[in-house]
Structures are given as structure tokens and as C-alpha cells.
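Trainee: Sequence below, structure please.
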Amino acid sequence: MRACDTSTAIGRVEALRRRGREEGLPLHATLELTRRCNFRCVHCYVLPNANAEERELTGDEWLALAREAADAGCFSVLLTGGEPLLRPDFPEIYLGIRALGVHVMIFTNATLVNRRVLDALRLAPPRLIEVTVYGASPETYRAVTGRAEGYLEALEGIERLREAGMPVALKTILMNLNAHEFEAIRALGREGERRVRYDAAIHARFPGDRDMEGYRLPPEELVELEARVVPELREEWARTARREAEQAATAAERGEVSDRLYTCAAGAISFYATATGLIQPCVSAGRYAVPWQPGRLLEAFRQSRAELMAARKPADHACADCAAKPYCGSCPAVADLETGREDGVFPYACEIAHARLRRGRASGNI
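Mentor: Numbering: from 1, shown residues only. Predicted coordinates for the structure are as follows:
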């Protein structure tokens, strides 16, 4: 038997993505099964907008929506929340979606991993289970999530998943409440698992939200911490810079240079479905939300997509020729939350990006 030609596989995926962009097909879906959670995280973008009276989609509705997505070409689904394992029907929803023949990923805090969940996962293992770890001690879990006991519950849940042979990856949200444990959080990862990833630039939870500013690390302090704890970042950024340069050159050769404001996959070949059934490009791009009606997912996706793709970048956009772009976490949707303008920039992300660029140049790595 010949070894798998990964270059051919990658080429096929890229061809599928091109087709998805050309024809308006939703190849990836994120399903927010619930906005409810057993944590009360200070930075959570869901809970400040959650309404206890809201009617979540039923299990049957989620399966119908997922079936429509699969019929339209979707081959990858992410199940998230809130905390998706809070739903008593999570095993049925999960297995129903796996039966459609699509890849499934799960985002969870791992505190609710029980026998029913594990039995379902064993029947049809997911592509990945990504667990958010908020600290490396009960004290930090209390500060971030409101529940000190969540720390041991999370560790026990992660261990149950590992013992069951599930593909686990850890991540964290970096802020001044847990930065002192950043190295210890990364040490929770196991050999053979993906590196523990993290989000560095926590952003506004809703338009006009200023509370998050009090939890952000000063950019220079953040970059110093990254340099000490995440040395592999330098090479990752170098690869990002090379890839962006290659993509720009290819687009120029094909005459595909565009002034579209949104250039990521969100909304173009993927969608986010809220717990109440709104179809939008991503969790942050609520201005492009379109209600889902049974049997009309593709119509809702394409309506949201058309409105998103009509947004244009001003000629003097701050990101156009920015040397720090490969190191930046700003995007139009987050800029919209932070500033009220999707054609603006996320100032904190900009500050981090330029601090990274300065440090890289000073060290000779950039």
C-alpha cells in the first residue's frame, strides 16, 4: 500500500474551498447548542447577552439544521456553547450529526464529562475535543469563572477524555487574572497532543462594553510573557508572514485583488448558528444575522454571506500596509464590537501586534 500523499489531500481541500467561495457553499458550521453555562466567566461574550427566557433550538431542530448543512456541502461541524454538555440531549445531537458523515469538533470546559457523554463519544469519536483551561489552581478558577471547584472538575473531565482515547487539545484565555499561571497552564498539555493554544487579546463582549479593558495585560508585558513561555511563536509568525505574502502574490497574478472588508473564511464558506437559530458569519458578526427557517438554511447562509461580502474596505484602511499584520488579532467584527465601526481597528490588538514586531526586530527574529 502506498503512503498517503498529503500534498494531494491538501490540494483537494483547497480546491473544495475555492469551489465553496465561488458557489456560496457552507463547508464549515459552528453550532452554539446553548448559551447556558455552569461557569460565570468574567470575559464571556455569551452570558452578558443570554436571556433565560430565550427558546433554544430543540435537538430535532439542531439535527434538521445540521442535515441541511451537510446536504449543502458542509463536512465539518463545531459544537459549542455556553457549555454544550449542559444539554441533556447532547449525546443524541452529537451522534445524530456524526451519522451524517461529517467531522465534529467540540468546545467544552470538561467539567460535565460523564458516562453518557463518553459512551456517545466512543461510538463515533470526534475529530477533536478542545478544552478551555482558565487557570492552574482553584483560586484562579474562582477569579475567572466564579467556581473554585471547577479546577478539579475540569482536570478530572480531561483525564476521563484521555483515558477514553479521545483526541484532546487544551487552550486558555490570557488575562491579568491568570497570566501568573500561564506557564503552568501550558504544562497541562500532554505529549502527543496539540500545543496548548491561547487567545491573547480579549475583546468587548458586546457593543460599548468597556469592562474587558480592566482584564487586559499591558502589551509589552504580554509580549515579554509570550517570548518566555511560547518560543515557538517566532516560527509560527514567520510562516504566517510567508503564507500571506504568497497568497497576496497569487491573488495579484490572478487579478483577484479585492477591497472586500472581510477576507477570512467566516461567512464566505462557514457560518455560526446561535442557540436561537440565527445564521451569521461568526460569533462576533451579529450585524449579519439571518433567522433560520427549516428547509431554508442555504438561503439564510447566502443572504448573510452576500451582505458580508458587500462590505468594502476604505482606501486608507489602517491595516492595508501594516508591517505588524501577521502578528495581529484584529478583525472587522471585533473592531465593530470595540469601536462601533467594522471598518475600524481593534486598538488593543494593534498595540500587541506592534509590540511583537518591535521585539522581533530587536531580537533579529523578524
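Trainee: for the chain, what are the low-confidence residue spans?
Mentor: For the chain, applying pLDDT under 70 flags the ranges 1-10, 47-53, 241, 244-245, 247-257, 364-366.
Trainee: What segments of it are helices?
Mentor: Secondary structure of the chain by DSSP state H: the helices cover 6-23, 59-71, 90-98, 115-123, 138-145, 150-163, 182-186, 219-229, 233-254, 297-309, 332-339, 347-363.
Trainee: Pull out the buried positions in the first one.
Mentor: What it means is helix 6-23. R17, G20 (16 or more other CB atoms under 10 Å). To be clear about C-beta, it is placed using only N, CA and C from the backbone, and glycine gets the same treatment.
Trainee: Equivalent analysis for the shortest one, please.
Mentor: By neighbour count on 16+ other CB under 10 Å, the buried set for helix 182-186 is F182, I185, R186.
Trainee: What distance do you get for R234 to L222?
Mentor: According to CB to CB, to the nearest Å, R234 stands 15 Å off from L222.
Trainee: ok, P314 touching D343?
Mentor: Yes: with contacts counted by CB atoms under 8 Å, P314 reaches D343, the gap being 5.6 Å.
Trainee: quick one: which of these two has more around it?
Mentor: Counted by other CB atoms under 10 Å, P314 and D343 do not tie: D343 has more neighbours, with 17 against 11.
Trainee: what sits against that one?
Mentor: Counting by CB atoms under 8 Å, 6 or more residues apart in numbering, D343 touches L261, A311, K313, P314, H317, P332, A335.
Trainee: circling back: return the most buried member of the helices of the chain.
Mentor: Most buried of the helices of the chain, by mean neighbour count (mean count of other CB atoms under 10 Å): helix 332-339, with a mean of 22.
Trainee: on that earlier part again, can you list the helices of the chain in a markdown table and add distance to A200?
Mentor: Converted to a markdown table, the helices of the chain look like this (distance: least, CB to CB, whole Å):
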| stretch | distance to A200 |
| --- | --- |
| helix 6-23 | 27 |
| helix 59-71 | 31 |
| helix 90-98 | 30 |
| helix 115-123 | 30 |
| helix 138-145 | 15 |
| helix 150-163 | 21 |
| helix 182-186 | 10 |
| helix 219-229 | 6 |
| helix 233-254 | 10 |
| helix 297-309 | 25 |
| helix 332-339 | 13 |
| helix 347-363 | 6 |
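Trainee: closest one to D209 among those?
Mentor: Comparison of the helices of the chain against D209 by CB to CB identifies helix 332-339 as nearest, at 7.2 Å.
Trainee: Now tell me what touches that closest one from outside.
Mentor: Helix 332-339 is contacted by residues 203-207, 209, 261-262, 266, 281-282, 284-285, 287, 311, 341-349 when judged by CB under 8 Å, 6+ apart.
Trainee: Now a ChimeraX select for only the buried ones of these.
Mentor: This is how ChimeraX selects the buried members of those, with burial counted by 16+ other CB under 10 Å:
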select :203,204,205,261,262,266,281,282,284,285,287,311,342,343,344,345,346,348,349
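Trainee: Would you format the buried residues of helix 182-186 as JSON lines with distance to R98 included?
Mentor: Below are the buried residues of helix 182-186 laid out as JSON lines (distance: CB to CB, whole Å):
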{"residue": "F182", "distance to R98": "34"}
{"residue": "I185", "distance to R98": "30"}
{"residue": "R186", "distance to R98": "31"}
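Trainee: Can you tell me which of those comes closest to A136?
Mentor: Taking CB to CB as the measure, A136 lies nearest I185 of these, at 5.2 Å.
Trainee: contacting residues around P207?
Mentor: The neighbourhood of P207, defined by CB under 8 Å, 6+ apart, consists of D336, L337, G340.
Trainee: what sits against T145?
Mentor: Counting by CB under 8 Å, 6+ apart, T145 touches F39, R40, C41, N109, Y134.
Trainee: let's see 10 Å
Mentor: 37-44, 109, 111, 132, 134-135, 151, 154, 177 (CB atoms under 10 Å, 6 or more residues apart in numbering).
Trainee: and it, how far is that from L152?
Mentor: T145 is 13 Å from L152, by CB to CB.
Trainee: any common contacting residues for those two?
Mentor: Common neighbours of T145 and L152, using CB under 10 Å, 6+ apart, are T111.
Trainee: on that earlier part again, tabulate the contacts of P207 in JSON lines, adding columns for distance to G73.
Mentor: Listed next are the contacts of P207 as JSON lines, based on distance: CB to CB, whole Å:
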{"residue": "D336", "distance to G73": "28"}
{"residue": "L337", "distance to G73": "30"}
{"residue": "G340", "distance to G73": "35"}
